[in-house]
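[1] model the structure of this input:
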Amino acid sequence: MPDNLTTECSLCHVLLSTGTCTHLIDFGDGRVGMKRSTWESLVTDRHLLREKERAEYDAECKAVNRRSAVVPEVELRVLIGVPACGKSTLAERWLDDGEVDAIVSSDGIRKELTGSEENFSKDPDVWDLVRERTEGHLRRGKSVVIDATNLLPEHRKMWLDIAENANVGVLVYRVHAASGLVHRRNDFRQRVVPDDVMDEMWQRWFAFCDTTTLNTEGFWNVIDVNG
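    Below is the predicted model of the structure:
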């Protein structure tokens, strides 16, 4: 036996770096036997136990995966990030991969109602339709991702209310991108956000979108991703 290793008897907890322990065991069915423990036998026992636990864990994981494949969980995913950080690209990838069933985009609905993503004249109607479509998708058992900046607490509260009413989980994704990359992307966008507006968006990001603030609001599943 290696000199630097010891173990103990599982019954009396005596260290078995040398020698053996012998115990009288009542098996509970009228039989009585002897248990003799040595360092070598206990190491073998523990190794077999670890193997058994690993096998049980693997089996449980496979069972969970099978259940998930048959009955997918409905989720409401909420993206948070400044313009041009990669939110829409991420949402489209999730849709293509089948991770979500629908995208609800405030910019898309704004363009649908006014003809332009930059026309904010009908924003109350825009957000009413955002809510209506999100609730409709969830009611039909479809997972939804919300594609909007969601930089202020008052804009995010709606998602908690909708998720609670629909009895579904809500996950928040904080979409990170370096400021230089964001500004370069913004320059090549069809709808360029003015620099002063971008600066205000960054201020909101740093002031209101940290994990602690989101937890305080009630969002406990907060995930950081690169855009």
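
[2] what's around Trp202, how many residues?
    15 (other C-beta atoms under 10 Å). Using the backbone N, CA and C atoms, a C-beta is placed for each residue, glycine as well.

[3] and Asp101, how far is that from Thr89?
    The gap separating Asp101 from Thr89 is 18 Å, by C-beta to C-beta, to the nearest Å.

[4] ok, the two, which is more surrounded?
    Asp101 (18 against 14).

[5] correct me, but that one touches Gly136?
    No. Checked against C-beta atoms under 8 Å, the pair Asp101 and Gly136 is beyond contact range at 11.6 Å.

[6] what sits up against whichever helix or strand Met198 is part of?
    Following DSSP states H and E, one finds Met198 within helix 195-208. Defining contact as C-beta atoms under 8 Å, 6 or more residues apart in numbering, one finds that helix 195-208 is touched by Gly81, Val82, Pro83, Thr149, Leu151, Leu152, Pro153, Ser179, Val182, His183, Asn186, Val193.

[7] separation between the closest residue in space to the fifth one that isn't next to it in sequence and Glu217?
    Taking C-beta to C-beta, 6 or more residues apart in numbering, and ignoring the residues beside it in sequence, Leu151 has Arg204 as its nearest neighbour in space, at 3.9 Å. Distance of Arg204 to Glu217, computed by C-beta to C-beta: 14 Å.

[8] where do the helices of the protein begin and end?
    For the chain, helices defined by DSSP state H occupy the ranges 39-70, 87-97, 106-114, 123-139, 153-166, 179-187, 195-208, 211-217.

[9] that older thread, buried ones in the helix holding Met198, by neighbour count?
    Neighbour counts over helix 195-208 (16 or more other C-beta atoms under 10 Å) mark Met198, Met201, Arg204, Trp205, Phe208 as buried.

[10] repeat that for stretch 184-195.
    Arg185, Asn186, Val193.

[11] gap between the second one and Asp199?
    In this case it means Asn186. Asn186 is 12 Å from Asp199, by C-beta to C-beta.

[12] quick check: domain ranges of the chain?
    Domain assignment for the chain by automatic domain parsing gives 1-71, 73-226.

[13] comparing the ones you listed, which gets the lowest mean pLDDT score?
    Per-stretch mean pLDDT for the domains of the chain is lowest at domain 1-71 (a mean of 47).
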